[in-house]
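J.: Have a look; sequence and predicted model below, questions after that.
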Amino acid sequence: QTRLVESGGSLVQPGGSLRLSCTSSGGDLYYFSVAWFRQAPGKEREGVSATNTDGRTYYSDSVKGRFTASRDNAKNTVTLQMSSLKAEDTGIYYCARSKIPLAPIGLPRPNDYTDWGQGTQVTVSS
């Protein structure tokens, strides 16, 4: 059974950078899109990015130009490089894989994804 594990969350100052990783254990992500979501206190979980099998990525408008997702299929890992961080980027970041293999990417919706990780906390504050 696939299990995804996020890491790399931390406290960072506004304008800073952070790199998150999502690694799969027990399952091959190759044929699935992998998405990053985040959830701020009191808010719904929102899609941040979705990366398909060949590395193409869709980004939400709120992070476009600041975040870059990439994947290493050999290592079953997807990373999210975040730069120019803002206070509104604060939240718990989760990764998940698409329920359907080879699904087209777009703004990721939580109901379309499964095998959620436990999340990693990102706090942007001075």
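T.: Structure received.
J.: Spell out the residue ranges of the strands in the protein.
T.: With DSSP state E applied, the chain shows strands at 3-7, 11-12, 18-25, 34-39, 46-51, 57-59, 67-72, 77-82, 91-98, 113-114, 120-124, listed in chain order.
J.: now those strands in a markdown table, with mean neighbour count?
T.: The C-beta positions use only the backbone N, C-alpha and C, and glycine is treated the same way. Output for those, formatted as a markdown table (neighbours: other C-beta atoms under 10 Å):
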| stretch | mean neighbour count |
| --- | --- |
| strand 3-7 | 17 |
| strand 11-12 | 15 |
| strand 18-25 | 19 |
| strand 34-39 | 24 |
| strand 46-51 | 24 |
| strand 57-59 | 19 |
| strand 67-72 | 18 |
| strand 77-82 | 22 |
| strand 91-98 | 24 |
| strand 113-114 | 19 |
| strand 120-124 | 18 |
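J.: what's the closest of these to G106?
T.: In terms of C-beta to C-beta, the element of these nearest to G106 is strand 57-59, at 5.5 Å.
J.: Quick one: list the elements packing against that closest one.
T.: Here strand 57-59 touches strand 46-51, strand 67-72, going by 3 or more C-beta pairs under 8 Å, 6 or more residues apart in numbering; DSSP states H and E.
J.: So for Y93, which of those sits nearest?
T.: The minimum distance between Y93 and the helices and strands packed on strand 57-59 falls on strand 46-51, with 7.4 Å, by C-beta to C-beta.
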